[in-house]
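Q: Just to be clear, the model below is a prediction. Sequence and coordinates:
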There are 2 protein chains.
Amino acid sequence: MYIPSFQDVIDAHARIAPYVHRTPVLTSSYLNELTGAELFFKCENFQKAAAFKVRGASNAVFGLSDDMAALGVATHSSGNHALSLAYAAGRRGIPCHVVMPYTAPQAKKDAVIGYGGVITECEPSTSSREQVFARVAAQTGADFVHPYNDHRVIAGQGTCSRELVEQVTGLDAVIAPIGGGGMISGTCLSLSNIAPDIKIYAAEPEQADDAARSFRAGHIIADDAPVTVADGLKVPLKELTWHFVSTYVTDILTASEQEIVAAMRLTWARMKIVMEPSSAVPLATILKNPEVFAGKRIGIIVTGGNVDLDRLPWMYKTQQGE
Amino acid sequence: MYIPSFQDVIDAHARIAPYVHRTPVLTSSYLNELTGAELFFKCENFQKAAAFKVRGASNAVFGLSDDMAALGVATHSSGNHALSLAYAAGRRGIPCHVVMPYTAPQAKKDAVIGYGGVITECEPSTSSREQVFARVAAQTGADFVHPYNDHRVIAGQGTCSRELVEQVTGLDAVIAPIGGGGMISGTCLSLSNIAPDIKIYAAEPEQADDAARSFRAGHIIADDAPVTVADGLKVPLKELTWHFVSTYVTDILTASEQEIVAAMRLTWARMKIVMEPSSAVPLATILKNPEVFAGKRIGIIVTGGNVDLDRLPWMYKTQQGE
């Protein structure tokens, strides 16, 4: 297992700079008063493809040799990684094969196709997904880019907090959502090198708290199909992200479905930005644990902005404790 | 009638700087491709009170002598001007009296009260509003700050496009929504002095097109109670704003209710920002008149972000041609 170095982050940053945004950092005096902390929102919802995932995906795509690139890239994902990989492959002009369950939202399929990706549908089960993906990979020879358990992806995600500490001085902590742990691992990689005094917190839905339980247990615990409105955070840690989480993270905090939706709505209402449910989990945990953050300068990674505008979660009852 | 000068804008800018944001300018490569133009969105939805109106309101409030300020300020409005004046008065620590129809949305009332404003309710008719306002003004001695037909307000709004031309070089045109004409007048005041080659367009709902008809007729035409989703744009021009509109504006373009809602949704979906319906009218007219804007660098004033998140206009049928 190759553990990426900070030099990999520096290389990634130079490699992806033409294809991704240096996203802005926004603040809200209202939310500062409400939390008693100084919050700095790193707005990856304004990123290309509206998600930080384009950083890691672009690093993987543009790091390929021409020979390998000609065969394209492939992944299985129905989320932001699929959009981001399709975007990056489109920018390089190489094929991108995405295996998705046929049940995935049409909007997500349309977005992948809009970026030039090719979708192969599978049944909504792990066995079908793996079987179909193996066939696609064998037929195309495309390079597999895992959504997070990939050193190129983690080095790419590390560029985000590298920018954040250039944009905001004197941070006491950075907090980001955790699903598979790609963003948190990139954050650990960068901050442990350039700002080791900054604490790193991860935020997770109570209903998909496998990372928090892994953190307490000292080994990876994976849940089968957790249910949460934060649909980007359902996947489990893998060995590479576990390395970073277990080594550098101060704590993993959790929030309920209602707390996540309330934090999301509050951000839309007060900051006037469109963020997806996963991105609201950090603020939800800050509001829930004010004593941890009060009086401190906190960077928050707003991971993405892909949300169904026709079906906002405060307009329907979220599933609780099922 | 005192016509404000550009020196008034400079003075306003210095006066209000501690209380308002220098808002960011955002771009979207997707919308650039779609329109064939280069669009620069000046994001007043990120402004204090989520509206450009806080610029003019703050200029009026902080320009008062201490003696006058002690008596407070007053206005009649159920929209962003009321919030903005309450915010500015709150920052100065003086009373703010707002006359509002009792039918105004509770969220608006709560926001005014949240900023420390005092609401006096009236019937939802012009006669009741004027009667109640006259009583409040007489009882309190508060200074009347009109939402737009006030030279202090117009000078304050002029600070917005002054910032815009500092932030973006080589603009060919600036476009803003038009209701009473406060923002457009401030834009005319600033640009005619510092960048007279930049064309100024106003954008208006078809269903509240009194400014467009006034512009063609050469005199003010006022409609009674127009119906539009762009609820900030229902009010008519007045003599001071008519002066600027009739002297400096190149054209007033209109868009239908469906076009406004589609442009609003498109901006939320692609730019990930929360803007109110009025703010979407410029993009709607650009999409409708591509030949006017193609190949040009266009500044767009995003006037505000106050919207009911529980009732978004693409979720209900808009009223058409009633």
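A: Done, it's in.
Q: buried ones in the lowest-mean-pLDDT helix or strand in chain A?
A: Sorted by mean pLDDT, DSSP states H and E, the helices and strands of chain A end with helix A:106-114, the least confident at a mean of 89. Residues of helix A:106-114 classed as buried by neighbour count (16 or more other C-beta atoms under 10 Å in any protein chain shown): A:108, A:109, A:111, A:112. Where C-beta positions appear, they are placed from N, C-alpha and C, glycine not excepted.
Q: Give me every residue in chain A lying close to chain B.
A: Counting by C-beta under 8 Å from any C-beta of the partner chain, the residues of chain A close to chain B are A:24, A:26, A:45-46, A:50, A:265, A:268-269, A:271-275, A:305, A:309-310, A:312, A:314-315.
Q: Of the residues you listed, which belong to helices?
A: A:265, A:268, A:269, A:271 (DSSP state H).
Q: Please read off the pLDDT at the second one from the model.
A: Read it as residue A:268. Among the per-residue scores, residue A:268 holds a pLDDT of 98.
Q: Looks like it contacts residue A:279 (just checking).
A: No. Contact criterion C-beta atoms under 8 Å: residue A:268 and residue A:279 do not qualify, at 10.8 Å.
Q: When the two are compared, which one has more neighbours?
A: For the pair residue A:268 and residue A:279, the greater number of neighbours falls to residue A:279 (33 against 21), based on other C-beta atoms under 10 Å in any protein chain shown.
Q: Can you tell me the element the more buried one falls in?
A: Assignment of secondary structure by DSSP states H and E places residue A:279 within helix A:277-288.
Q: list the buried ones in that helix?
A: Of the residues in helix A:277-288, those buried by neighbour count under the rule 16+ other C-beta under 10 Å are A:277, A:278, A:279, A:280, A:281, A:282, A:283, A:284, A:285, A:286, A:287.
Q: Could you count how many residues lie near the nearest residue to residue A:238 once chain neighbours are set aside?
A: Counting by C-beta to C-beta, 6 or more residues apart in numbering or on different chains, residue A:149 is the residue found nearest to residue A:238 once chain neighbours are left out, at 3.6 Å. Per other C-beta under 10 Å, the neighbour tally for residue A:149 reads 20.
Q: same deal with residue A:71?
A: The local packing count at residue A:71 equals 15, with neighbours defined by other C-beta under 10 Å.
Q: Give me the distance between it and chain B.
A: 28 Å (C-beta to the nearest C-beta, to the nearest Å).
Q: Tell me how many other residues surround the nearest residue to that residue once chain neighbours are set aside.
A: Take residue A:71 and drop its neighbours on the chain: the residue closest to it by C-beta to C-beta, 6+ apart is residue A:141, 4.2 Å away. Counted by other C-beta under 10 Å, the residues lying close to residue A:141 total 11.
Q: Residue A:141 reaches residue A:70, doesn't it?
A: No. Proximity of residue A:141 to residue A:70 does not meet the contact threshold set by C-beta under 8 Å, at 9.1 Å.
Q: what is in contact with these two at once?
A: The contact sets of residue A:141 and residue A:70 do not overlap (C-beta atoms under 8 Å, 6 or more residues apart in numbering or on different chains).
Q: Is residue A:299 within a helix or a strand, and which one?
A: Residue A:299 belongs to strand A:297-302 when elements are defined using DSSP H and E.
Q: from the chain's centre, how far out does that strand sit?
A: In terms of C-alpha atoms, centre = their mean, to the nearest Å, the centre of strand A:297-302 is set 14 Å apart from its chain centre.
Q: which helices and strands does it pack with?
A: Under the contact definition 3 or more C-beta pairs under 8 Å, 6 or more residues apart in numbering or on different chains; DSSP states H and E, strand A:297-302 sits against strand A:38-43, helix A:151-167, strand A:173-177, helix A:277-288.
Q: Which residue ranges of the stretch 51-200 of chain A form strands?
A: For the stretch 51-200 of chain A, the strands defined by DSSP state E, counting those that start in this stretch cover A:73-76, A:96-101, A:118-122, A:143-144, A:173-177, A:199-205.
Q: now what about the fifth one, what contacts it?
A: With contact meaning C-beta under 8 Å, 6+ apart, strand A:173-177 is reached by A:161, A:164, A:183-184, A:187, A:191, A:198-204, A:230, A:232-233, A:250, A:253, A:278-279, A:281-282, A:285-286, A:293, A:296-301, A:303.
Q: do that again at 7 Å, thanks
A: Outside of strand A:173-177, the residues within contact range by C-beta atoms under 7 Å, 6 or more residues apart in numbering or on different chains are A:161, A:164, A:183-184, A:187, A:191, A:198-203, A:230, A:233, A:278-279, A:281-282, A:296, A:298-301, A:303.
Q: swap in the last one?
A: Contacts to strand A:199-205, defined as C-beta under 7 Å, 6+ apart, come from residues A:172-178, A:184, A:187-188, A:191, A:211-212, A:228, A:230, A:233, A:245, A:248-255, A:257, A:260, A:281-282, A:285.
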